[in-house]
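Engineer: following is a predicted model, sequence given first.
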Amino acid sequence: MLIKRPADIAPSEITQPELYFGRRRFLRDSAGAVLVATMPGLAWAPPTLAAAKLAATKNPDYVVDDDPTPKKYVTTYNNFYEFGTGKDDPVENAKDFNPKPWSVVVSGECEKPGRYHFEDIIKPSELEERIYRFRCVEAWSMVVPWIGVPLATVLKRFNPTAKAKYVAFETLYDPKRMPGQRRPVLNWPYVEGLRIDEAMHPLTLLTVGLYGEELPNQNGAPIRLIVPWKYGFKSIKSIVRIKFTEKQPPTTWNDSAPQEYGFYSNVNPQVDHPRWSQRKERKVGGGFFSPKVPTLKFNGYAEQVAALYTGMDLVKFY
Ligand code: MTE
């Protein structure tokens, strides 16, 4: 996502995920092969951390035609610059991050500002599983069974006032725990924002899990947004602040490259990114030879969200 010179482009951004994984695995496995070869019956396997299970009711209203992307891709091919800019950096660099305890500071145009513990925000009985399409601005996509609570359910508890026209979100800033923040690749902390009607839309999910488990660190533990009709960078991770504002809040990628990333960032195949087309996408995990598939307006959620933008020029407000 960075503004990059060709030499800076990560291999993961120019190579299909499957090829990229295959090459990394080859390099890694050849290092372990000598040892394994001398130990009959043993096969090399990457170390795994046991993930905590998370119970949630499946919501049949939110499913898609495609099968979910295999979990190994969703949890190892990540964008989380706080833990490095490579796709496989977050899984490695976030493995010791401890997201508990966690609290979120709520402020701005609402009647109940304050610091709320994770447990005050997320009620286990309200958790639901929803299968969403997820489209990154880099033209790859996934299908993920997320677990969360509609953001509206949570925001309403803070009684936003009539002046609350937008909601701003902020990721934890802690360079000791988030090594990527020790380098000025972005203006830290990562910030994002939604118009209040987008934030209150039933599709917008405050997310705490995936595939029946608590969110892995690399996917934004313990609490992140999922806004499925917008490019993935709107889905801010590891949120510590929520602020109701009267004015449109700044957003990290818009600050960093305004000509490339707008505030709205609705998935729109008709508006190209200045450096690549947004007409098609590659499904992560689809196999070596899987063809690109057409990208759908609002990522396939037009029926639900197009009315939010009636009368707006979506080329101007990209
Ligand atoms: N949130 C923070 N704090 N930092 C990031 O670098 N990357 C964004 C978004 N949220 C990012 C972030 C981008 S570009 C994408 S595509 C998604 O997270 C990736 O989410 P995933 O790794 O769970 O697939």
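Structural biologist: Here it is on my side, so go on.

Engineer: residues contacting the residue most central in space within the chain?
Structural biologist: Of all residues in the chain, the one closest to the mean position by Cα atoms, centre = their mean is residue 235, 4.3 Å from it. Contact analysis of residue 235 by Cβ atoms under 8 Å, 6 or more residues apart in numbering lists 134, 207, 220, 224, 225, 226, 227. Any C-beta I mention is one placed from the backbone N, CA and C, and that applies to glycine too.

Engineer: check the gap between it and residue 229 for me.
Structural biologist: 11 Å (Cβ to Cβ, to the nearest Å).

Engineer: also residue 157?
Structural biologist: Taken as Cβ to Cβ, the span from residue 157 to residue 229 is 24 Å.

Engineer: kindly report the same for residue 188.
Structural biologist: Note on residue 188: its distance to residue 229, by Cβ to Cβ, is 27 Å.

Engineer: also residue 55?
Structural biologist: 27 Å.

Engineer: which of those two has more neighbours?
Structural biologist: residue 229 (27 against 11; other Cβ atoms under 10 Å).

Engineer: my guess is residue 256 contacts residue 187, does it?
Structural biologist: Yes. Here residue 256 reaches residue 187: they are 6.8 Å apart, a contact under Cβ atoms under 8 Å.

Engineer: name the residue in the two with the higher neighbour count.
Structural biologist: Neighbour tally, residue 256 and residue 187, criterion other Cβ under 10 Å: the higher count belongs to residue 256, 15 against 11.

Engineer: which one is that one nearest to, not counting chain neighbours?
Structural biologist: Nearest residue to residue 256, sequence neighbours excluded (Cβ to Cβ, 6 or more residues apart in numbering): residue 186, at 5.9 Å.

Engineer: any idea how far residue 82 is from that neighbour?
Structural biologist: Residue 186 is 9 Å from residue 82, by Cβ to Cβ.

Engineer: the two: who's more crowded?
Structural biologist: residue 82 (28 against 19).

Engineer: got the phi and psi for that one?
Structural biologist: phi -60, psi -20 (degrees, to the nearest 10).

Engineer: for it, list the residues it contacts.
Structural biologist: 171, 172, 178, 179, 180, 181, 188, 190, 237, 238 are the contacts of residue 82 under Cβ under 8 Å, 6+ apart.

Engineer: return the per-residue confidence for the nearest residue to residue 171 once chain neighbours are set aside.
Structural biologist: Distances taken as Cβ to Cβ, 6+ apart place residue 190 nearest to residue 171, at 4.1 Å, with adjacent residues excluded. Listed pLDDT for residue 190 reads 98.

Engineer: tell me who's in contact with residue 190.
Structural biologist: Counting by Cβ under 8 Å, 6+ apart, residue 190 makes contact with 81, 82, 170, 171, 236, 237, 252.

Engineer: can you tell me how far the fourth one is from the ligand?
Structural biologist: It stands for residue 171. According to Cβ to the nearest ligand atom, to the nearest Å, residue 171 and the ligand sit 4 Å apart.

Engineer: all helices for the stretch 201-318 of the chain, in order.
Structural biologist: Listed in chain order, the helices of the stretch 201-318 of the chain (DSSP state H, counting those that start in this stretch) span 252-256, 302-305.

Engineer: let me have the ones you listed in JSON lines, extended by distance to residue 245.
Structural biologist: Formatted as JSON lines, the helices of the stretch 201-318 of the chain follow (distance: least, Cβ to Cβ, whole Å):
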{"stretch": "helix 252-256", "distance to residue 245": "15"}
{"stretch": "helix 302-305", "distance to residue 245": "21"}
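
Engineer: around whatever residue of the chain ends up closest to the ligand, how many other residues sit close by?
Structural biologist: Nearest residue of the chain to the ligand: residue 232, at 2.7 Å (Cβ to the nearest ligand atom). For residue 232, the tally of surrounding residues (other Cβ under 10 Å) stands at 21.

Engineer: now do residue 71
Structural biologist: What residue 71 shows, counting by other Cβ under 10 Å, is a neighbour count of 17.

Engineer: check residue 103 too.
Structural biologist: Residue 103 has 14 neighbours, counted by other Cβ under 10 Å.

Engineer: what's it sitting at in phi/psi?
Structural biologist: The phi and psi values for residue 103, taken as degrees, to the nearest 10, are phi -140, psi 160.

Engineer: so it sits right up against residue 122, yeah?
Structural biologist: No. Residue 103 lies out of contact with residue 122 (Cβ under 8 Å); the separation is 11.7 Å.

Engineer: quick check, nearest of the contacts of residue 82 to residue 282?
Structural biologist: Residue 282 lies nearest to residue 237 out of the contacts of residue 82, by Cβ to Cβ, at 22.4 Å.

Engineer: how about the residues of the stretch 1-150 of the chain by the ligand?
Structural biologist: Contacts of the stretch 1-150 of the chain with the ligand, taken as Cβ under 6 Å from any ligand atom, map to 1, 78, 79, 80, 81, 82, 136.
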